[in-house]
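Asks: Next input, structure requested:
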Amino acid sequence: MSHAGLLDFTAAVFTSRGLAAERAYAAAQALCYGDLSGMTSHGLVNLTRLYLPLFDEGRVNPKAEPDIVADRGASVLIDADRALGLWVARMAMDLAADRAGTYGIGVAAVRNATHLGCAGHHALRAVERGMIGLVASNCGGQRIARPPGGAVAMLGTNPLSVAAPAGPHPPFVLDMSTTAAPTGRIRQAARDGLPLPHGLLRDDRGDPVTDAAAFDEGRAHLMWLGGEAGQYKGFGLGLMVEVLAALVPGAGLGPHPDAWSGGGGPSGRDDDIGFLVAAVAPGALRDGVRSDAGRLFGALLDCPPTDAAAPVRYPGWHEHRRAEKHRRSGVPLGRDLYAELRELAHRADLPLPDALPDPALADRRAKEAL
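Replies: Next up, the predicted model:
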């Protein structure tokens, strides 16, 4: 499907749920970024599974008016009024970048929000202005992962992203959960009936689990980034995000005595999500940053590889190239997802753009016709 058509349709869906047009389009850009860049577990597959239920259950306020409750110049505290995180994270980053233009750094701490989608999409807003962007988000009161040695879940997947300009090269974008995998990846594998690699899930005995369906069935829980040997690093990063994204703005905390009453599995709801976004303007401190960034990331790209067929790349490079390709040729959607969107369009009485032909399939058919 064309990227423009996909954005227009998704924005229309959000508008039909009460969002103002500008906010709906910003939310559509954030959600479709997952499909555009190839991170499909965080894309449109979540429209009917995660975001629309927030409206249906009254957990998001489509008419929200975020309020700056504290303003210290370079830093602000925002109460999001249960706004959809897909657009309010963009607003927060734009505000942080505005302040960074004045002070060299800008920080916006946000509470009372909802899920923001791909953190990297919002971090890239700072890069568009020649700045470095940082996004950290907790999962509100939702508890998914256990502390090392703990018998109950206490923290969310707590994603973290840092994006930076790379001179003439694709931007650097680190976008990761602090658990070994995000829940979206686990659930995508379960829907596709695919096994997971070792190191993502384990059961209560500590044995590895490769059945993705075991997570939502309560038979397995997420491991931390770093696996068995390095789990304290992943746990530490997850706790760091909780401090920045929840403790600073006063958002819902994952670690809470309520967790002990929920057994060992996931508990709580991802309401009152908090995040902290920051923009850093290195050009405010010295000249030559862009050329130095070009040398830094260019040197990595030129690093001699161990396998000539697999050159060295850095986080964000592949996603940038995929996005460029998909903007030209269309965003690929799975058959099941397209059918799901078609059904949604029918129910909402909205037009759904036609699927574009698969170029590879067209080439094969042309060759077969010769």
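Asks: And the helices in the stretch 101-250 of the chain?
Replies: With helices called from DSSP state H, counting those that start in this stretch, the stretch 101-250 of the chain shows them at 119-127, 183-192, 213-216, 227-242.
Asks: winner for burial among those helices?
Replies: helix 119-127 (a mean of 27; mean count of other CB atoms under 10 Å). Just so you know, the C-beta spots here come from the backbone N, C-alpha and C atoms, and that holds for glycine as well.
Asks: ok, residues contacting stretch 62-82?
Replies: Applying CB atoms under 8 Å, 6 or more residues apart in numbering, the external contacts of stretch 62-82 come out as 17-19, 55, 59-61, 83-84, 88, 91-92, 95-96, 99-100, 102-114, 249-250.
Asks: Let me see the ranges of the strands in the stretch 151-300 of the chain.
Replies: If DSSP state E, counting those that start in this stretch is used as the criterion, the strands of the stretch 151-300 of the chain fall at 160-166, 169-176, 201-202, 208-209, 221-222, 273-280.
Asks: same thing with the stretch 1-150 of the chain?
Replies: 67-71, 75-83, 105-113, 132-137.
Asks: ok, Arg185 touching Val45?
Replies: No. Under the contact definition of CB atoms under 8 Å, Arg185 does not touch Val45, with a separation of 11.1 Å.
Asks: What number of residues are in the vicinity of Ala20?
Replies: Neighbour count of Ala20, defined by other CB atoms under 10 Å: 13.
Asks: actually Ala279, sorry about that
Replies: 28.
Asks: For it, list each beta-bridge partner.
Replies: Assessed by DSSP bridges, Ala279 has beta-bridge partners Gly106, Gly133.
Asks: Just the pLDDT for Gly262.
Replies: Looking at Gly262, its pLDDT reads 60.
Asks: likewise Asp8?
Replies: Note on Asp8: pLDDT of 97.
Asks: List the contacts of it.
Replies: With CB under 8 Å, 6+ apart, Asp8 has these contacts: Ala28, Pro353.
Asks: out of the strands of the stretch 151-300 of the chain, deepest packed?
Replies: It is strand 273-280: most buried of the strands of the stretch 151-300 of the chain by mean count of other CB under 10 Å, with a mean of 28.
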